[in-house]
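Novice: fold the following for me, if possible:
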Amino acid sequence: MARKGKVEIDRELCKGCLLCIRACPVKALEQDAESNSSGSYPSKAVYAEKCIACGNCFEVCPDVCIQVYDLGA
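Specialist: The predicted model follows:
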């Protein structure tokens with residue numbers, strides 16, 4: 001059975017580089033249609049139920065605005 005995870009992105013810290021979207025193997029993330037207070041369009045966990053807690057998004061984030069939680073199997 002696949003691992004389950006939870007990803008949280010601080011939309012105010014995210015500058016919208018979208019590296020996390022490219023790094024996600026299950027395509028759980030997409031760019032938000034609404035900008036944050038700095039005018040950037042941050043990443044968003046649109047398909048959060050797909051998250052497998054691989055941590056790829058966390059690893060590539062240059063702004064350290066992503067937290068990944070492993071919820072087990």
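
Novice: who's in contact with residue 50?
Specialist: The neighbours of residue 50, taking Cβ atoms under 8 Å, 6 or more residues apart in numbering as the test, are 26-28. Placement of C-beta: from N, CA and C, glycine included.

Novice: and residue 15, by the same measure?
Specialist: Counting by Cβ under 8 Å, 6+ apart, residue 15 makes contact with 38, 40, 42, 63.

Novice: just to revisit the earlier point, out of the contacts of residue 50, grab the one that's most surrounded.
Specialist: Taking other Cβ atoms under 10 Å as the neighbour criterion, residue 28 ranks highest of these with 21 neighbours.

Novice: distance check, that one against residue 37.
Specialist: Per Cβ to Cβ, to the nearest Å, residue 28 is found 24 Å from residue 37.

Novice: go on, residue 29?
Specialist: For residue 29, the distance to residue 37 - Cβ to Cβ - is 20 Å.

Novice: please identify which of those two sits among more neighbours.
Specialist: residue 29 (24 against 7).

Novice: so that one touches residue 43, yeah?
Specialist: Yes - distance between residue 29 and residue 43: 5.1 Å, which falls inside the contact criterion (Cβ atoms under 8 Å).

Novice: quick one on the thing from earlier: who wins for most neighbours among the contacts of residue 15?
Specialist: Highest count within the contacts of residue 15 by other Cβ under 10 Å belongs to residue 42, 23 neighbours.

Novice: what number of residues lie near the closest residue to it other than its chain neighbours?
Specialist: The spatially closest residue to residue 42, leaving aside those adjacent along the chain, is residue 14, at 3.4 Å (Cβ to Cβ, 6 or more residues apart in numbering). Neighbourhood size, residue 14 [other Cβ under 10 Å]: 23.

Novice: could you do residue 34 as well?
Specialist: With other Cβ under 10 Å as criterion, residue 34 counts 8.
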